[in-house]
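# Quick one, fold the following:
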Amino acid sequence: LALVGEQPGDQEDLQGRPFVGPAGQVLDQALREAGIARESCYLTNAVKHFKHELRGKRRLHRTPTAGEVRHYRWWLDRELALVRPTLVVALGATAVLALAGKAMSITKVRGPMAFGDAAGFVTVHPSYVLRLPDEVAKREAYQAFVADLAAARNRAQDLSKAAG
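Sure thing, here's the model as predicted:
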């Protein structure tokens, strides 16, 4: 599996690795619950720099523009061509924009999808779960995220068997 997120966050920017901050912790737990070893996945982001604004000493995330997503598309395409994953999982709207080439509502396209010739799967970004203020909604969103990852795992296994 290749998991594609939006952009590095503050901790990812500081450590130079994807999904090591709070969203990464949610992703790690969800992967474990879905029966996926993080080490078996290729993790990357659609945009390669941390777009932020300073608030005192804190660096707060700013959503990349469509132009910034297009700017880094060649890089993402090269990564995926080198890695050749069985399935590409888009984590959130920015990843879908990068992979599909157009903006789409996650709630409308969530699940299996093709990204050009590549088999894909669409789900929420783990930071979405973190941002929900209501604990019941947060729990439900997290369980749906785990279910999506398990479905992506199953789809990747089916594609691998079919390929031979």
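# Low-confidence regions, this protein specifically.
Along the chain, segments meeting pLDDT under 70 span 52, 59, 61.
# Need the residue closest to the centroid of this protein.
Residue closest to the average C-alpha location in the chain (CA atoms, centre = their mean): Leu91, at 2.6 Å.
# Surely that one and Leu1 touch.
No. Counting by CB atoms under 8 Å, Leu91 stays clear of Leu1, with 11.0 Å between them. For the C-beta atoms, the positions are set from N, CA and C on the backbone; glycine is no exception.
# In the chain, what residue spans correspond to strands?
For the chain, strands defined by DSSP state E occupy the ranges 2-5, 42-45, 52-55, 58-61, 88-91, 111-115, 118-123.
# can you count the residues close to Leu60?
By other CB atoms under 10 Å, 10 other residues sit near Leu60.
# Test my guess that it contacts Gly9.
No. The pair Leu60 / Gly9 is not scored as a contact, 10.0 Å apart, by CB under 8 Å.
# Against Val96, how distant is Lys108?
Separation of Lys108 from Val96 (CB to CB, to the nearest Å): 10 Å.
# more crowded one of the two?
Neighbour comparison, Lys108 and Val96: the larger count goes to Val96, with 26 against 8 (by other CB under 10 Å).
# so what's Ala147 up against?
Taking CB atoms under 8 Å, 6 or more residues apart in numbering, we find Ala147 in contact with Ala34.
# For the residue nearest to the centre of the chain, list each beta-bridge partner.
Thr123 (DSSP bridges).
# Give me the buried positions along the longest helix anywhere in the chain.
When the chain is parsed with DSSP state H, its longest helix is helix 135-163. Residues of helix 135-163 classed as buried by neighbour count (16 or more other CB atoms under 10 Å): Ala141, Tyr142, Phe145, Val146, Asp148, Leu149, Ala150, Ala151, Ala152, Arg153, Arg155, Ala156.
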